[in-house]
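Chemist: Have a look at this prediction, sequence included:
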Amino acid sequence: MKKYTNTGSKDTRSGFGAGMTELGQKNENVVALCADLIGSLKFDDFKKNHPERFFQIGIAEANMIGIAAGLTIGGKIPFTGTFANFSTGRVYDQIRQSVAYSDKNVKICASHAGLTLGEDGATHQILEDIGLMKMLPGMTVINTCDYNQTKAATLALADHHGPAYLRFGRPVVPNFMPADEPFVIGKAIMLNEGTDVTIIATGHLVWEALIAAEALEAKGISAEVINIHTIKPLDEEAILKSVKKTGCVVTAEEHNIIGGLGESVSRTLVQNHLVPQEFVAVNDSFGESGTPDQLMEKYKLNNQAIVEAVEKVIKRK
Amino acid sequence: MICTTKKIKLLLHPINTYISFIMSNTQQLQDFTTQVRRDILRMVHAVNSGHPGGSLGCAEFLVTLYQDVMKRNEVFDMNGIGEDLFFLSNGHISPVFYSVLARSGYFPVAELATFRKLNSRLQGHPTTHEGLPGIRMASGSLGQGMSVAIGAAQAKKLNNDNHLVFALLGDGELQEGQNWEAIMYASAKKVDNLIATIDLNGKQIDGTTDEVLAMGSVKAKFEAFDWIVLEIKEGNNIDAIKAGLADAKSKSGNGKPVCILLHTEMGNGVDFMMHTHAWHGKAPNDEQLAKALEQNVETLGDY
């Protein structure tokens, strides 16, 4: 199978920061807003290089979303940054009315998504944000898998007109996507071709899916691995093409089983080409304190969990 | 009273197929307001829903703002570069907003007949979603307009556009916490190209603001948040509104946001709708409409 190499582990949020640094130089309409988390969101360079285009809002996320919506009136392209929980659940109606329903070109950028935020615990570990955001009409929803992809997505969003949610994480994780891999919003990336099962993964689970595919290969199972970075709009064509070949699918995401990528894939399958599906996701619960690795193991969001799900789904074919 | 009108001009110029009146004359503004009141009453009556009370209370203010104060481009553009902008935060007073926009030339006056009906651009609460010219944000879920207005004001600063941003909020709406995030931010960040008006009618759906959630002195609160605060004691008097808005404009650009406390009468211009919160969100029946219209004789032609 095709080998992906970790070229040096980095956090996805640093990919966002690098993307913002580049956008600051390339696009004078890009502005950044932050709710008292400059260091966490890696906004330091943007703030230093473009102080007039950087807006420190303070701990007031609702106001941040509204100000971002207002900044678009005048042609600015606002990128807001805070933790995923405070980017979505806390400000849902502000996003709904002032951004989504008002058709504003705001990019809601969210770090520390999911369980891998770690020790802070469930108050900060949102597992419902993909669902919340994908339900909003017109909202683009992206969950990136590594540093390079997060940087590429950040750059791509500046050229995309319309409200968007960009979800990434806190921990240092393998950086394996080629730096020159094109990022096309709404277009899945085929990571490994296979014939027995399709593994569709997003975010931090993509690397785990690649490890799982190697383990499966050793067991004589040929796994196709697809990286879905854009959950909405979903690349249904890529999904259907793959499952028509493999006949079964496992979805993997650092999100609640309800409302996430898995359910979007299910809808596509039910409407077009029904095949067995298993879910690697959090089983409708809150998270808790712990290290990222401990949490991903306890909540069964790692490569072993993917292998188990594959073995289960293949039996259902 | 000293009339602040500097000049009287009546320009008729086409905006596409529409006609816009730009007036500085108080009597003309008064006549305009009377027609707006008729529009409000007829619109809410036609669909037996909507919010006449606050709409009537803010009619003089919005007419004066659009017809006498704001510098507006002839063709609507969402970005609003090189013109003053207005944001309605208390979106439920959409009838007055729609009437003033239509009669200021943003869309055909005849379209007022579609208010709250299926497939209309005139939704129950204002939205950009249907592409209605003159609207720059959706409002209705309360407490969000001040933040959006601040963002637009900061965009103007980035664009070196020295025009002003106006916002209108209800007083009951100040119970929403997001406002206070925005109020704190605007002074801290010296958003001095913003003039936010609070419609102080003292009433909300469930009763008086004092009964529902007493706010104490709104003036003292804004002052404590380091805003310049002006009061228009007669918020239904066009000359008083003109003077207040001129004062507010003269105080803008001095490092602080400006707040106008506009004392209005909910239901103004219709005797049985005044001095009560009962008409906040209730439409008149046929008989009540006839009585209300008798008190507001047609001036510019009904839609």
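Modeler: Great, that's in hand.

Chemist: show me the contacts for residue 103.
Modeler: You didn't pick a chain, so chain A it is. Contacts for residue A:103 were tallied using Cβ atoms under 8 Å, 6 or more residues apart in numbering or on different chains; they are A:138, A:162-163, B:128-129. C-beta: built from backbone N, CA, C; applies to glycine.

Chemist: Can you look at chain B instead?
Modeler: Going by Cβ under 8 Å, 6+ apart, residue B:103 touches B:21, B:32, B:35-36, B:39, B:109, B:300.

Chemist: Just the ones of those residues in helices?
Modeler: Those of the contacts of residue B:103 mapping onto helices are B:32, B:35-36, B:39, per DSSP state H.

Chemist: which bits of chain A sit near chain B?
Modeler: Residues of chain A found near chain B (Cβ under 8 Å from any Cβ of the partner chain) are A:31, A:52-53, A:55, A:57-58, A:60, A:62-63, A:65-76, A:78, A:93-94, A:96-98, A:101-104.

Chemist: Can you say which of the ones in helices among the contacts of residue B:103 are buried?
Modeler: B:32, B:35-36, B:39 (16 or more other Cβ atoms under 10 Å in any protein chain shown).

Chemist: who in chain B is up against chain A?
Modeler: So far as Cβ under 8 Å from any Cβ goes, chain B lies against chain A at B:78-81, B:85, B:87, B:127-129, B:136-141, B:144-156, B:158-159, B:161, B:177-178, B:181-182, B:184-185, B:188-189.

Chemist: now residue B:231, nearest residue through space, not along the chain?
Modeler: Using Cβ to Cβ, 6 or more residues apart in numbering or on different chains and skipping residues adjacent in sequence, the residue nearest residue B:231 is residue B:261, 4.6 Å away.

Chemist: The one you found in helix, strand or coil?
Modeler: Following DSSP: H, G, I helix; E, B strand; the rest coil, the label given to residue B:261 is strand.

Chemist: Please give me every residue in contact with it.
Modeler: With contact set as Cβ under 8 Å, 6+ apart, residue B:261 has these partners: B:197-198, B:200, B:218-219, B:222, B:229-232.

Chemist: out of these, what pair is the most spread apart?
Modeler: The most widely separated members of the contacts of residue B:261, counting by Cβ to Cβ, are B:222 and B:232 (14.1 Å).

Chemist: buried residues in stretch B:56-70?
Modeler: Buried residues in stretch B:56-70, counting neighbours by 16+ other Cβ under 10 Å, are found at B:56-70.

Chemist: got the residue ranges for the helices in the stretch 151-300 of chain A?
Modeler: For the stretch 151-300 of chain A, the helices defined by DSSP state H, counting those that start in this stretch cover A:205-218, A:236-246, A:261-272, A:292-298.

Chemist: Quick one, which of the ones you listed gets closest to residue A:147.
Modeler: helix A:205-218 (11.5 Å).

Chemist: who's in contact with stretch B:222-229?
Modeler: By Cβ under 8 Å, 6+ apart, stretch B:222-229 touches B:180, B:183-184, B:186-188, B:219, B:251, B:254, B:256-261.

Chemist: from the residues you listed, which ones fall inside strands?
Modeler: Judged by DSSP state E, strands contain the following of these: B:258-261.

Chemist: burial count for residue 287?
Modeler: Just so you know, I chose chain A. Counted with other Cβ atoms under 10 Å in any protein chain shown, residues neighbouring residue A:287 total 23.

Chemist: To clarify, I was referring to chain B.
Modeler: By the criterion of other Cβ under 10 Å, residue B:287 has 8 neighbours.

Chemist: From residue A:149, how far off is it?
Modeler: Separation of residue B:287 from residue A:149 (Cβ to Cβ, to the nearest Å): 66 Å.

Chemist: Secondary structure element holding residue A:125?
Modeler: Using DSSP states H and E, residue A:125 sits within no helix or strand.

Chemist: the helices in chain B, which residues?
Modeler: In chain B, helices defined by DSSP H lie at B:26-47, B:52-57, B:59-64, B:94-103, B:145-158, B:177-188, B:209-213, B:218-224, B:238-251, B:286-294, listed in chain order.

Chemist: packing partners for the second one?
Modeler: Right, the one you point to is helix B:52-57. helix B:26-47, helix B:94-103 (3 or more Cβ pairs under 8 Å, 6 or more residues apart in numbering or on different chains; DSSP states H and E).

Chemist: Adding mean pLDDT, write those helices out as TSV.
Modeler: Converted to TSV, the helices and strands packed on helix B:52-57 look like this (pLDDT from 0 to 100):
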stretch	mean pLDDT
helix B:26-47	97
helix B:94-103	98
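
Chemist: Ok, which of those comes nearest residue A:170?
Modeler: Comparing those by Cβ to Cβ, helix B:94-103 comes nearest, at 43.2 Å.

Chemist: For residue B:295, which non-adjacent residue is spatially closest?
Modeler: residue B:270 is the one closest to residue B:295 (Cβ to Cβ, 6+ apart), at 5.9 Å.

Chemist: cool, residue B:210 as well?
Modeler: residue B:202 (7.1 Å).

Chemist: Pull the contacting residues for the one you found.
Modeler: Residue B:202 sits next to B:171, B:208-210, B:266 when contact means Cβ under 8 Å, 6+ apart.

Chemist: What segments of chain A are strands?
Modeler: Applying DSSP E to chain A gives strands spanning A:10-11, A:30-34, A:54-56, A:77-83, A:107-111, A:140-143, A:164-167, A:172-173, A:189-192, A:197-201, A:223-227, A:230-232, A:249-256, A:277-282.

Chemist: tell me what the third one is packed against?
Modeler: Strand A:54-56 makes packing contacts with strand A:30-34, helix A:44-49, helix A:61-72 when contacts are defined by 3+ Cβ pairs under 8 Å, 6+ apart.

Chemist: Next, count neighbours for the nearest residue to residue A:244 once chain neighbours are set aside.
Modeler: Closest residue to residue A:244 apart from its sequence neighbours, by Cβ to Cβ, 6+ apart: residue A:273 at 6.0 Å. For residue A:273, the count of nearby residues is 14 (other Cβ under 10 Å).
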